[in-house]
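A.B. asks: Provided below are the primary sequence and the corresponding predicted coordinates.
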Amino acid sequence: MVVDLVAGDGFPALIACLKRGGRYATSGAIGGPMVSLDVRDLYLKDLTFVGGTAQAAETMPNLVSYIEAGEIAPLVAQTFPLDRIH
């Protein structure tokens, strides 16, 4: 799984690191909206691409206030040491 808010020149390397059945998600392109994609990576690896649209202006401040108040917290199913990241 890759979650990318940058895109730009680093996009091909992120796609290359995905294994068969991998997923790529984005909701931004601060590094540039135009990217290079070898379409064979998309279909030969059976990748899934997902994009998310912008939320209402109050969404992020509300979310941060819930986190700061301890009203919500992320659910972590498992953690891994950094040396296991591939």
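C.D. replies: Sure thing, it's come through. Numbering: from 1, shown residues only.

A.B. asks: for the chain, what spans make up the helices?
C.D. replies: Ranges of helices within the chain are 11-17, 39-44, 59-68, based on DSSP state H.

A.B. asks: and those helices as JSON lines, adding distance to His86 and mean pLDDT?
C.D. replies: Yep, even glycine has a C-beta here, placed from its N, CA and C like the rest. Shown next, in JSON lines, are these (distance: least, CB to CB, whole Å; pLDDT from 0 to 100):
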{"stretch": "helix 11-17", "distance to His86": "7", "mean pLDDT": "94"}
{"stretch": "helix 39-44", "distance to His86": "17", "mean pLDDT": "96"}
{"stretch": "helix 59-68", "distance to His86": "29", "mean pLDDT": "90"}
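
A.B. asks: and the gap between Tyr43 and Glu68?
C.D. replies: 44 Å (CB to CB, to the nearest Å).

A.B. asks: and the residue lying closest to Arg20 once chain neighbours are set aside, what is it in contact with?
C.D. replies: Nearest non-adjacent residue to Arg20, counting by CB to CB, 6 or more residues apart in numbering: Lys45, 5.0 Å away. Contacts here follow CB atoms under 8 Å, 6 or more residues apart in numbering; on that basis Lys45 touches Leu18, Lys19, Arg20, Gly21, Gly22.

A.B. asks: Please report how far Lys45 lies from Lys19.
C.D. replies: 7 Å.

A.B. asks: Could you do Gly51 as well?
C.D. replies: 21 Å.

A.B. asks: can you pull out the strands in this structure?
C.D. replies: Counting by DSSP state E, one finds strands in the chain at the ranges 2-4, 23-26, 48-51.

A.B. asks: do you know how far the residue most central in space within the chain is from Pro81?
C.D. replies: Central residue of the chain (CA atoms, centre = their mean): Val3, 1.1 Å from the mean position. Remark: distance between Val3 and Pro81 (CB to CB) = 20 Å.

A.B. asks: next one: Val2
C.D. replies: Distance from Val2 to Pro81, by CB to CB: 20 Å.

A.B. asks: same question, Ala69
C.D. replies: From Ala69 to Pro81 the distance is 31 Å (CB to CB).

A.B. asks: which residue lies farthest from the center of the chain?
C.D. replies: Largest centre distance within the chain, by CA atoms, centre = their mean: Ala69, 26.1 Å.

A.B. asks: Since that was my last question, I'll sign off now.
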